[in-house]
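Enquirer: With the input below, show me the fold.
(chains A and B, ligands or ions: 5)
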Amino acid sequence: MYKIVAKRELAKDINEYVIQAPLVAKNAKPGQFIILRVDKEGERVPFTICDMNKVLGTITILVQTIGASTAKLAFLGAGDSIEDFVGPLGNATDLTEYDKVMLVGGGIGGAVIYPQAKLLHRIGKSPVTVMGARNRSLLLYEEEMRNHSERFYPMTDDGSYGEKGFVTNKVKELLENEKFDAILAVGPLPMMEAVCKVSKDYEVKTIVSMNSIMVDGTGMCGCCRVTVGGKTLYACVDGPEFDGQLIDFAEAKARSKFYKDFEQDHFCRIRGTGPK
Amino acid sequence: MAVQKRNKPLEQDPIERGKNFKEVSLGFTAEVALNEAMRCLQCKTAPCISGCPVGINIPGFIKKMKEKDFGGAASVISESNLLPAICGRVCPQETQCEEKCVLNKVGSPVAIGALERFVGDYKIAQGEKAKAITKNGGKVAIIGSGPAGLTCAADCAKAGFEVTIFEAFHMPGGVLTYGIPEFRLPKSIVKNEIQGLIDLGVVIEKNVVVGRTVMLDELREEYDAVFIGTGAGLPVFLNIPGENLAGVYSANEYLTRINLMGARLDGSETPVQKGKNVVVVGAGNVAMDSARTALRMGADKVTIVYRRSRSEMPARLEEIHHAEEEGIEMMLLTNPVAVLGETKVERIKCQKMELGAPDSKGRPRPIPIQGSEFEMPCDQVIMAIGTSPNPLLSKVSPDLKMDRGIVITDEFGLTSLPNVYAGGDAATGAATVILAMSAGRRAAKTICETLFCSRCKMDQ
Ligand SMILES: Cc1cc2nc3c(=O)[nH]c(=O)nc-3n(C[C@H](O)[C@H](O)[C@H](O)COP(=O)(O)OP(=O)(O)OC[C@H]3O[C@@H](n4cnc5c(N)ncnc54)[C@H](O)[C@@H]3O)c2cc1C
Ligand SMILES: Cc1cc2nc3c(=O)[nH]c(=O)nc-3n(C[C@H](O)[C@H](O)[C@H](O)COP(=O)(O)OP(=O)(O)OC[C@H]3O[C@@H](n4cnc5c(N)ncnc54)[C@H](O)[C@@H]3O)c2cc1C
Ligand code: SF4
Ligand code: SF4
Ligand code: FES
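Expert: Ligands and ions are numbered 1, 2, ... in the order given. Reported below is the predicted structural model:
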């Protein structure tokens, strides 16, 4: 069992958990993820490692409640325990070789780029960060990101904070005026696809994090496969981060929606709203 | 000489069992087991033994059975096989022990597998408790908890080592747990074997992916010896168009969702698509298991597509019979060339094949017949065309010598690294439970002799 040391509600339906998992913390690096099972009936669900404390042996994850498993997790608080917690999985992404990096985060992805910002800041290459959300309350880790970025641009769909509009507006504007060596975009598939479309014209290396549906996370099921440059790769062991220009987003979107009806039914049951 | 007919174990009715996950073969009753044991001629030369990869003293254990000494029979088997209840169920007996039985010449062989299963089940029912073991002070790490890892762990623990198994999944057992379905190998049997290990003092650390959570080198520092039993879990795909459409599964994914994650049970949170018209590609045990599982998940029609002919099908004979009895269709000499659909599987396009000259393994090579393409509707495709060793661990352990993904070992199971051993599918490519088991056992013996030859004796 893995103990929840702390829990914080960052916005409606978005929780931050600090979990005791010393073995995971020991070898974890930015860009990697974990898989957890809330309880004995639970499914295996992946979450990005947002932060790690090697001394205390903890891992921080940020979870958006969207379905049955995340709803069950939301019921737990500090002091409770999670049944299974495995990681760090996937490959670490090393952005330190680039001199000028733009980080783009959308939705929950905004917080997921945090460990990269922290690392870049530490080696004196603070990134330029663009973060988007539907409204101000959904803009996550703002302070943390601001403190670790050279410049920080919040974007909201409704204009309630920062500039009104999508992250891609800002990405385009920045690329128009400055030269970047790499972009890391993390967020919903349509957002990552849109960023890639914009950055293509500027020939900037654009890395995206593929949040495919997974089972084992170790390369033994093939569920997480994505087509990258015409080749089938596994998000869990070959990724999760890939060159965004090479991704077949249409296929990725179709694959991520496959269990939608099944999941919706379960979600309603957990939340007590009954099957649709 | 008239030879008495071979006894057949009782089986669930084919139509009924297609709707449930209960074990298909009900095994022998004591009476029938005795009757079958009587058929054994107790041959002096015992050719059957040469067919068993671990050389079980087959006439020896059957003799004990004839004397109604089932406990004695269990002792004879345990000299060479730790998991009789499992091997009796899943060994391809018709190409191993039973193929060599002299009775083949005059009728059908002694049902060695079914007898072994009977003895294994008897042993479990007796609930034998582990004996206290004197520790020898050494520590062994085992990576993976499939039959190879479990066996190596058991033998090392019995020899007095402190043993820790590191398993990537949240449940131990390897393929026995996530692959082979309940209706062929009840999970209670696997659980029982694992409990036996825990009783011996073996520690199982689940949720540890060696190569990610901990590194091989870290284990080498902490333990006197390391055994790699990581299996061959990497699924192989055909690399044909449409293979990444939603609804195309690897057999590993399909079976893992259902067996390990319990997707077949009401209330499980792991989803799995309940295909109505399912195509399974391949004809090994994995394909038969996938097809028969799909049937039990409620499919109206399940078709196995295989590019060679019936006589080349690699599955156990019993599984092929069972699959056919249950109504699985076999489309032989047929090979898929594309999976078709908008975003999900809608159809599969195949091509007819004919058999040509033998390949390097002696199997006739399938050759496509020009212009024979045809399409058939389906809503789910399960690829069961093989697996290869997972490169996760080897990729981050560059000192470990490999040959096309397979860990190289010498005849004692030793790898290119000192005190690091390997066995089972990781060191051979996808093979069988009994071979994995014997590799685990061989490595344990070497570990023991190398590290503590003067201090401990293998307790078998
Ligand atoms: C490598 C990786 C890292 C991730 N990191 C985070 C993270 O840091 N924070 C976070 O909140 N989420 C993250 N996710 C997504 C997270 O795993 C899913 O939100 C979670 O599985 C949902 O589980 P659920 O049972 O609550 O919802 P479900 O009931 O499983 O799903 C609800 C809806 O989301 C869709 N869905 C299911 N799984 C995924 C998925 N993996 N990606 C996108 N949509 C999905 C379903 O089709 C359904 O429509 C990550 C996914 C991956 C693969
Ligand atoms: C569906 C199916 C049906 C089969 N039917 C039969 C049959 O009827 N008869 C027969 O004889 N054989 C059968 N086989 C083959 C047989 O199951 C295998 O040959 C055997 O299980 C191999 O044993 P193993 O111990 O080498 O590996 P596995 O059983 O594959 O176990 C390996 C274990 O290692 C773990 N692991 C892998 N990598 C790591 C890592 N890096 N860190 C930690 N843990 C790790 C895995 O999670 C797994 O638990 C079947 C296989 C399948 C898939
Ligand atoms: S272990 Fe397998 S091959 Fe050996 S005797 Fe038993 S069933 Fe036959
Ligand atoms: S070959 Fe057949 S009959 Fe002879 S000892 Fe072996 S099992 Fe018995
Ligand atoms: S999640 Fe199973 S192979 Fe990636």
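Enquirer: can we go C-alpha only for contacts and neighbour counts from here?
Expert: OK.
Enquirer: How about the contacts made by B:Gly120?
Expert: B:Ala74, B:Leu83, B:Pro84, B:Ala85, B:Ile86, B:Gly88 (C-alpha atoms under 8 Å, 6 or more residues apart in numbering or on different chains).
Enquirer: ok, and which of those residues reach ligand 5?
Expert: Restricting the contacts of B:Gly120 to those within reach of ligand 5 (C-alpha under 6 Å from any ligand atom) leaves nothing.
Enquirer: Let me have the residues you listed in JSON lines, extended by distance to ligand 2.
Expert: Formatted as JSON lines, these follow (distance: C-alpha to the nearest ligand atom, whole Å):
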{"residue": "B:Ala74", "distance to ligand 2": "20"}
{"residue": "B:Leu83", "distance to ligand 2": "12"}
{"residue": "B:Pro84", "distance to ligand 2": "12"}
{"residue": "B:Ala85", "distance to ligand 2": "12"}
{"residue": "B:Ile86", "distance to ligand 2": "9"}
{"residue": "B:Gly88", "distance to ligand 2": "10"}
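Enquirer: Restricted to helices, list those residues.
Expert: Among the contacts of B:Gly120, the members found in helices (DSSP state H) are B:Ala74, B:Pro84, B:Ala85, B:Ile86, B:Gly88.
Enquirer: Report pLDDT for the residue lying closest to the third one once chain neighbours are set aside.
Expert: Read that as B:Ala85. Leaving aside its sequence neighbours, B:Ala85 sits nearest to B:Gly120 (C-alpha to C-alpha, 6 or more residues apart in numbering or on different chains; 4.0 Å). Predicted confidence (pLDDT) for B:Gly120: 95.
Enquirer: So for B:Met330, what's the nearest residue that isn't a sequence neighbour?
Expert: B:Ile304 (4.9 Å).
Enquirer: circling back: out of the ones in helices among the contacts of B:Gly120, which one sits closest to ligand 5?
Expert: Lowest distance from ligand 5 to those (C-alpha to the nearest ligand atom) belongs to B:Ile86, with 26.5 Å.
Enquirer: so what's the closest residue to B:Ser25 other than its chain neighbours up against?
Expert: Nearest non-adjacent residue to B:Ser25, counting by C-alpha to C-alpha, 6+ apart: B:Glu11, 4.5 Å away. Listed by C-alpha under 8 Å, 6+ apart, the contact set of B:Glu11 reads B:Val24, B:Ser25, B:Leu26, B:Gly27.
Enquirer: got the contact list for the second one?
Expert: The reference is to B:Ser25. B:Ser25 touches B:Pro9, B:Leu10, B:Glu11, B:Gln12, B:Arg184, counting by C-alpha under 8 Å, 6+ apart.
Enquirer: Now the buried members of these.
Expert: Among the contacts of B:Ser25, those that count as buried by neighbour count (16 or more other C-alpha atoms under 10 Å in any protein chain shown) are B:Arg184.
Enquirer: Okay, helices next: where are they in the stretch 51-200 of chain A?
Expert: Per DSSP state H, counting those that start in this stretch, the stretch 51-200 of chain A carries helices over the ranges A:68-74, A:109-112, A:114-122, A:142-147, A:167-177, A:189-200.
Enquirer: Name all residues that make contact with A:Val55.
Expert: For A:Val55, counting by C-alpha under 8 Å, 6+ apart, there are no contacting residues.
Enquirer: try it again with 10 Å
Expert: A:Pro22, A:Ala25, A:Lys26 (C-alpha atoms under 10 Å, 6 or more residues apart in numbering or on different chains).
Enquirer: what secondary structure does the last one sit in?
Expert: Counting by DSSP: H, G, I helix; E, B strand; the rest coil, the backbone at A:Lys26 sits in helix.
Enquirer: how many other residues sit next to it?
Expert: A:Lys26: 19 surrounding residues under other C-alpha atoms under 10 Å in any protein chain shown.
Enquirer: Just the pLDDT at it, thanks.
Expert: Reading off the model, A:Lys26 has pLDDT 95.
Enquirer: In three-state terms, label the nearest residue to A:Gln116 once chain neighbours are set aside for me.
Expert: Among residues not flanking A:Gln116 along the chain, A:Pro30 sits closest, at 6.0 Å (C-alpha to C-alpha, 6+ apart). Secondary structure for A:Pro30, judged by three-state DSSP, is coil.
Enquirer: Run through the residues that contact A:Pro30.
Expert: A:48-52, A:88, A:91-95, A:112-119.
Enquirer: between the ones in helices among the contacts of B:Gly120, which is closest to ligand 4?
Expert: For the ones in helices among the contacts of B:Gly120, the nearest to ligand 4 is B:Gly88 (13.9 Å; C-alpha to the nearest ligand atom).
Enquirer: can you count the residues close to residue 19?
Expert: I went with chain A, as the question did not name one. Applying other C-alpha under 10 Å, we find 25 residues neighbouring A:Ile19.
Enquirer: wrong one, chain B
Expert: 16.
Enquirer: Give me the phi and psi for it.
Expert: With angles defined as degrees, to the nearest 10, B:Lys19 sits at phi -110, psi 0.
Enquirer: Could you check how far it is from ligand 4?
Expert: 35 Å (C-alpha to the nearest ligand atom, to the nearest Å).
Enquirer: so where's the longest strand in chain B?
Expert: Counting residues, the longest strand found in chain B (DSSP state E) is strand B:347-358.
Enquirer: Off-centre distance for the following helix or strand past that strand?
Expert: Next helix or strand after strand B:347-358 toward the C-terminus (DSSP states H and E): strand B:364-368. Offset of strand B:364-368 from its chain centre (C-alpha atoms, centre = their mean, to the nearest Å): 28 Å.
Enquirer: What lies in contact with strand B:364-368?
Expert: Taking C-alpha under 10 Å, 6+ apart as the rule, strand B:364-368 contacts B:307-309, B:312, B:333-335, B:351-359.
Enquirer: For stretch B:327-339, output the C-alpha coordinates as PDB.
Expert: Coordinates of each C-alpha in stretch B:327-339 appear next as PDB, following Å, rounded to 0.1, in the frame of the first residue of the first chain:
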ATOM      1  CA  GLY B 327     -17.700 -23.900 -32.200                       C
ATOM      2  CA  ILE B 328     -14.700 -21.900 -33.000                       C
ATOM      3  CA  GLU B 329     -14.200 -21.800 -36.800                       C
ATOM      4  CA  MET B 330     -10.800 -22.600 -38.300                       C
ATOM      5  CA  MET B 331     -10.000 -20.700 -41.400                       C
ATOM      6  CA  LEU B 332      -6.700 -22.400 -42.500                       C
ATOM      7  CA  LEU B 333      -4.200 -21.500 -45.200                       C
ATOM      8  CA  THR B 334      -5.400 -17.900 -44.900                       C
ATOM      9  CA  ASN B 335      -3.400 -14.800 -44.000                       C
ATOM     10  CA  PRO B 336      -4.600 -11.300 -43.200                       C
ATOM     11  CA  VAL B 337      -3.200  -8.500 -45.400                       C
ATOM     12  CA  ALA B 338      -5.200  -5.500 -44.000                       C
ATOM     13  CA  VAL B 339      -7.600  -4.500 -41.300                       C
END
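Enquirer: rewinding a little: when you scan the host helix or strand of the residue nearest to B:Ala85, is anything in it near ligand 3?
Expert: In this assignment (DSSP H and E), B:Gly120 forms part of helix B:112-126. Yes - using C-alpha under 6 Å from any ligand atom, helix B:112-126 comes into contact with ligand 3 via B:Gly113.
Enquirer: Partner strands of the helix or strand just after that helix, with direction?
Expert: Next along the chain after helix B:112-126, taking DSSP H and E as the criterion, comes strand B:139-143. Sheet pairing here is set by DSSP bridges, and for strand B:139-143 it gives strand B:162-166 (parallel), strand B:225-228 (parallel).
Enquirer: possible to save those as CSV with mean pLDDT and distance to ligand 1?
Expert: Converted to CSV, the strands paired with strand B:139-143 look like this (pLDDT from 0 to 100; distance: least, C-alpha to the nearest ligand atom, whole Å):
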stretch, mean pLDDT, distance to ligand 1
strand B:162-166, 97, 23
strand B:225-228, 97, 27
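Enquirer: quick one, which of the ones you listed is packed in tightest?
Expert: Mean neighbour count (mean count of other C-alpha atoms under 10 Å in any protein chain shown) peaks for strand B:225-228 among these, with a mean of 27.
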